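S.K.: Provide a 3D model corresponding to the input given below.
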Amino acid sequence: MRAMLVATSGGHLAQLLSLDAWWSRHDRHWVTFDEPHARVALDGETVTWAYSPTNRNVPNALRNAALAFRLLRAERPDVVVSTGAGVAAPFFLAARMLGIRTVYVEVFDRIDSPTLTGRLCYPLADVFCTQWEAQEHIYPGAVTIGPAL
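M.R.: Below you'll find the model as predicted:
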């Protein structure tokens, strides 16, 4: 299986990295921000650097949407997996339009309210995962996987 793993750098990337028992068994391509800690964590991996910042930055949202379509067409992964944040939405939208399956893992530190990216990706995700049972009322039909970290 070919997976595209998409996350902003920092805590979102750390949560995705913690799922290595799954992703280490598959051919993978990472998408994140070009930050020193991301370079160290993903040394030896195939990585494409997304445009940052994404918060309230329309030009970078458009750049990341174009990047998503270009990269997904070129790589044709079987699944796009993300823990958020802003860079996830353009990749989920492009994946949906291209018929590529998506899995979203909501962050562990937001228990009683949805994140913006969670709200955007929930209707686009083939599988939506939460890390706490308390999040299930926010996202009906979600699969609780337990804490990733």
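S.K.: Heading C-terminal from the longest helix along the chain, find the next helix or strand.
M.R.: Longest helix of the chain, by residue count under DSSP state H: helix 58-75. Per DSSP states H and E, the first helix or strand lying C-terminal to helix 58-75 is strand 79-84.
S.K.: what's in contact with that next one?
M.R.: Outside of strand 79-84, the residues within contact range by CB atoms under 8 Å, 6 or more residues apart in numbering are 1-8, 12-13, 15-16, 19, 23, 72, 88, 91-92, 95, 100-107, 115, 117-118, 121, 148. Placement of C-beta: from N, CA and C, glycine included.
S.K.: Give me the buried subset of those.
M.R.: Taking 16 or more other CB atoms under 10 Å as the criterion, what is buried in these is 3-8, 12-13, 15-16, 19, 23, 72, 88, 91-92, 95, 100, 102-107, 115, 117-118, 121, 148.
S.K.: among those, which are in helices?
M.R.: With DSSP H as the criterion, helices contain 12-13, 15-16, 23, 72, 88, 91-92, 95, 117-118, 121 from among the buried ones among the contacts of strand 79-84.
S.K.: possible to save these as CSV with pLDDT and distance to Ser52?
M.R.: Converted to CSV, these look like this (pLDDT from 0 to 100; distance: CB to CB, whole Å):
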residue, pLDDT, distance to Ser52
His12, 95, 12
Leu13, 97, 12
Gln15, 94, 18
Leu16, 96, 16
Trp23, 97, 22
Leu72, 98, 19
Ala88, 96, 13
Phe91, 98, 14
Phe92, 98, 18
Ala95, 98, 20
Thr117, 93, 14
Gly118, 95, 20
Cys121, 97, 18
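S.K.: so which of the residues you listed comes closest to Asp43?
M.R.: The shortest gap between Asp43 and any of these belongs to Leu13, at 13.2 Å (CB to CB).
S.K.: Skipping adjacent residues, who's closest to the closest one in space?
M.R.: Spatially, and ignoring its direct neighbours in sequence, Leu13 is nearest to Ala7 (4.6 Å; CB to CB, 6 or more residues apart in numbering).
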